[in-house]
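Enquirer: Pasting a predicted model and its sequence here:
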Amino acid sequence: MHLTLAAAETLVIDALTRNRVDEANARSVARALAAAEAAGQAGHGLRRVEAYAKQAKAGKVDGFAKPQLDRLFPAVVRIDACHGYAYPAFDLAASVLPEIAREQGIALAAVRRSHHAGVLALTVERFAEMGLVALMVANATASMAAWGGRKPVFGTNPIAFAAPIPQADPLVIDLALSRVARGKVMAARQKGVDIPADWAFDRNGQPTTDSIAALEGTMAPSGEAKGAALAMMVEILAGALTGANFSFESSSLFDDKGSAPGLGQMLIVINPIASGGSGVAERLAMLVGEISSDPGVRLPGRRGQTARRQALESGIEVECDVIATIQSL
């Protein structure tokens, strides 16, 4: 079914507000999920609405929560998402971090008691569009083992980075530390299709093409031992240093069972002039120009940015089963 982005957002808002979510929170979530869908990240898009709504209805996520901010140090804020959705907490961070970064040269937000972080690229890009550099990490429900193990201890634990480029779209890098985002496996399960054999392991540590067995087992780390080590780094930054749950302490983001996930996210925003002087913008342009001079290279983030621009003009295509599920909630 073809939808404009505004219609997709309205669809999500209606579904969430019917399931114990206030309109402001529903609107924040809807913007994020529709933007993810537009960027081609369907695993973090409208397919998440069913789980989001059921969790709010069951009380696993507080649809009426208002994130709370404390600034105990000049460059650091702590944001308590209060077991609500993550996106209102990110909106709050985006409203205060730019000014702090310009004042202090750097700003950090530690978000705790949070929920699914979605497409981190969409958050860090907001800062790059203001001329700032942003780095973000997030933990997620345990789905990946330490290298050589079988017990899920880390989430897919994404890392995202964005930097402003003069006279061009920001450079945006967003990657999960599993070989693929777990949302892609969830989407395969919903569609009833197999997955590639290098995406995940079953409970016995064997590669599997069965999406159900994959969700019951563990995700394969990107870069094998290196990816697992980076996932541990993110676990410390997003879990320990924010006061959030570790991935293995968190409940599932895909169902309405158990307690609130209580996950964490960390955002670091840098004023590039503070660290590199007034010539940073030109240096960034030089770097991007050198990389782009190779005809075989496409800059990270460009595919999603192009897709979102096209979606703004011509809308998006959403599978009919996804629409029907959302309408039925």
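Expert: Okay, I see it.
Enquirer: V153 belongs to a helix?
Expert: No. Counting by DSSP: H, G, I helix; E, B strand; the rest coil, one finds V153 to be strand, located in no helix.
Enquirer: so what's it up against?
Expert: By C-beta atoms under 8 Å, 6 or more residues apart in numbering, the contact set of V153 is A142, M144, A145, A146, S247, F248. For every residue, glycine as well, the C-beta is placed using N, CA and C.
Enquirer: what's the neighbour count on the residue lying closest to it once chain neighbours are set aside?
Expert: Excluding the flanking residues, the one nearest V153 by C-beta to C-beta, 6 or more residues apart in numbering is F248, at 5.0 Å. F248: 15 surrounding residues under other C-beta atoms under 10 Å.
Enquirer: and what of the one 4 residues further on?
Expert: Summarising burial for S252: neighbours were counted as other C-beta under 10 Å, giving 16.
Enquirer: Make sure it is actually in contact with T141.
Expert: Yes. At 5.5 Å, S252 counts as touching T141 under the criterion of C-beta atoms under 8 Å.
Enquirer: who touches both of those two?
Expert: Common neighbours of S252 and T141 are listed as P261 (criterion: C-beta under 8 Å, 6+ apart).
Enquirer: Mind jotting down where the strands sit in the stretch 151-300 of the chain?
Expert: For the stretch 151-300 of the chain, the strands defined by DSSP state E, counting those that start in this stretch occupy 152-154, 159-163, 171-175, 200-201, 218-219, 263-270.
Enquirer: The last one packs against which elements?
Expert: Here strand 263-270 is seen to pack against helix 86-104, strand 106-114, helix 120-128, strand 133-138 when contacts are counted using 3 or more C-beta pairs under 8 Å, 6 or more residues apart in numbering; DSSP states H and E.
Enquirer: what angle separates it from helix 120-128?
Expert: An angle of 30 degrees separates the directions of strand 263-270 and helix 120-128 when computed by axes from the mean of the first three to the mean of the last three C-alpha atoms, to 10 degrees.
Enquirer: Mind checking the pLDDT average for stretch 33-44?
Expert: Averaged across stretch 33-44, the pLDDT comes to 94.
Enquirer: Just the terminal-to-terminal distance for that stretch.
Expert: 7 Å (C-alpha to C-alpha, to the nearest Å).
Enquirer: I figured V234 hits A140, correct?
Expert: No. Between V234 and A140 there is no contact under C-beta under 8 Å: 9.4 Å.
Enquirer: If you count surrounding residues, which of these two has more?
Expert: The residue with more neighbours, out of V234 and A140, is A140; 31 against 24, by other C-beta under 10 Å.
Enquirer: Now the more buried one: closest residue in space, sequence neighbours ignored.
Expert: Nearest residue to A140, sequence neighbours excluded (C-beta to C-beta, 6+ apart): G155, at 3.0 Å.
Enquirer: Could you measure from the one you found over to E290?
Expert: G155 is 35 Å from E290, where distance means C-beta to C-beta, to the nearest Å.
Enquirer: Of the two, which one has the most company?
Expert: With neighbours defined as other C-beta under 10 Å, G155 and E290 compare such that G155 has more, 31 against 10.
Enquirer: Ramachandran coordinates for that one?
Expert: phi -80, psi -170 (degrees, to the nearest 10).
Enquirer: All further residue positions should be reported with the first residue as 186.
Expert: From this message on, residue numbering opens at 186, which makes the last subject G340.
Enquirer: who's in contact with it?
Expert: Listed by C-beta under 8 Å, 6+ apart, the contact set of G340 reads 323-329, 367, 416, 420, 432, 435, 448.
Enquirer: Could you tell me the model confidence score at it?
Expert: Per-residue pLDDT puts G340 at 94.
Enquirer: residue boundaries of the helices in the stretch 386-514 of the chain?
Expert: Listed in chain order, the helices found in the stretch 386-514 of the chain under DSSP state H, counting those that start in this stretch are 396-401, 410-419, 457-461, 465-477, 487-499, 505-513.
Enquirer: looking at the ones you listed, which is closest to A241?
Expert: With C-beta to C-beta as the criterion, A241 lies closest to helix 505-513 of the helices of the stretch 386-514 of the chain, at 13.6 Å.
Enquirer: Counting neighbours, which bits of that closest one end up buried?
Expert: Going by neighbour count (16 or more other C-beta atoms under 10 Å), the buried part of helix 505-513 is V507, I508, T510, I511.
Enquirer: Can you say which two of those residues are spatially most distant?
Expert: Of all pairs in the buried residues of helix 505-513, the most separated under C-beta to C-beta is I508 and T510 at 7.3 Å.
Enquirer: Need the overlap of contacts for those two.
Expert: Common contacts of I508 and T510 (C-beta under 8 Å, 6+ apart): none found.
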